[in-house]
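Engineer: Model the following, please.
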Amino acid sequence: MVKQLNLFSQPSFNVGKSVKEQMAKTAKDSRFSREELLDRMNDLASRYGVRLLKGNGSALTMATFEKWLNPKAMDYIPGINSLVIFCAASEDLEPIRQVIAPLGGLLIDDTDAKLLQWAREYQRAKDARLKMRKLEQEL
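Structural biologist: Numbers count the residues shown, from 1 in each chain. So this is what the prediction gives:
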């Protein structure tokens, strides 16, 4: 479900720059070097049949990868499949969060999903106890 937008606090739907900034931060903070990230991306792309580049290029080059990480090089924005491969290779979902943030979306991990499921079940149980108390009072 998409939240209704507020007239006074509209997000930017042009997420390219924020995605590239986050990719650069992820690459900088990663436990992998840029060369390792590039190798991991090419390996994952090859293994899963994902094309990282348009055209005839079969593997991502360091030159193109550096342009993807440069927020000022707006002519070089990775496609959605390439972004997923980058997140998998870097083991970081933050660049994907930049895509859904303007829509009010959240990206949660397995632990948060379990906590959310627990909270829903807890609320259902609480509502059931309240109904039971009301029924008991009527008896």
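Engineer: Now the spatially most central residue of the chain: closest residue in space, sequence neighbours ignored.
Structural biologist: In the chain, the C-alpha nearest the mean C-alpha coordinate belongs to I96, at 2.4 Å (Cα atoms, centre = their mean). Nearest residue to I96, sequence neighbours excluded (Cβ to Cβ, 6 or more residues apart in numbering): C87, at 5.5 Å. Any C-beta I mention is one placed from the backbone N, CA and C, and that applies to glycine too.
Engineer: so who does that neighbour touch?
Structural biologist: By Cβ atoms under 8 Å, 6 or more residues apart in numbering, the contact set of C87 is 93, 95-96.
Engineer: Which helix in the protein has the most residues?
Structural biologist: Criterion DSSP state H: the longest helix present in the chain is helix 110-138.
Engineer: average pLDDT across it?
Structural biologist: Averaging pLDDT along helix 110-138 gives 95.
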